[in-house]
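Student: 3D, please:
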Amino acid sequence: MAIHRSNVRELTSFTKKEIKKTFDSAYRILKTEGITLLVAPSVQSFGKILIITPRKVGSAPVRNKIRRQIKSLFYEEKLYELGFDWIAIIRPAFANNSFDEIKKLFSTAQDNLSKHIADQNESKNS
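Tutor: From the prediction side, this is the model:
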């Protein structure tokens, strides 16, 4: 499913009900010192991302840069097409990561998600 450039904002907007439902059905696919990534089956026809950046992470410009980088990766890598809503919980150690390091983390998370889906399908077939 292709998202038109004018609808990119929809990839990061959640209602309170959507947030609750996403957290209730989410499972962790990656945890490092600086970030925890959770995924849940998408509520809509495309996936969304919720980015949680507490004040402890850094100043407002630092937090905004992190959010922009993650949103950019989510859009460029077309993670919204996977049919999952993502939750990124950021911790202070994450502020030191370069864009390439963040990209590697999301690539690892995507691999972990693929393995999880394969394991689920295998267990259903057994």
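Student: show me which residues of the top helix by length along the chain are buried.
Tutor: Longest helix of the chain, by residue count under DSSP state H: helix 99-125. Neighbour-count burial for helix 99-125 flags 102-103, 105-106, 109-110, 113 (criterion: 16 or more other CB atoms under 10 Å). The way it works is simple: take the backbone N, C-alpha and C, and place the C-beta from them, glycine included.
Student: likewise for stretch 29-36?
Tutor: Neighbour-count burial for stretch 29-36 flags 29-30, 34-36 (criterion: 16+ other CB under 10 Å).
Student: ok, now stretch 47-57?
Tutor: For stretch 47-57, by 16+ other CB under 10 Å, it's 47-51, 53, 57.
Student: so which of those belong to strands?
Tutor: 49-51 (DSSP state E).
Student: just the ones of the buried residues of stretch 29-36 in helices?
Tutor: Those of the buried residues of stretch 29-36 lying in helices (DSSP H): none at all.
Student: would you list those in JSON lines and tack on distance to residue 21 and pLDDT?
Tutor: Conversion of those to JSON lines gives the following (distance: CB to CB, whole Å; pLDDT from 0 to 100):
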{"residue": "29", "distance to residue 21": "18", "pLDDT": "93"}
{"residue": "30", "distance to residue 21": "21", "pLDDT": "94"}
{"residue": "34", "distance to residue 21": "26", "pLDDT": "93"}
{"residue": "35", "distance to residue 21": "22", "pLDDT": "95"}
{"residue": "36", "distance to residue 21": "19", "pLDDT": "95"}
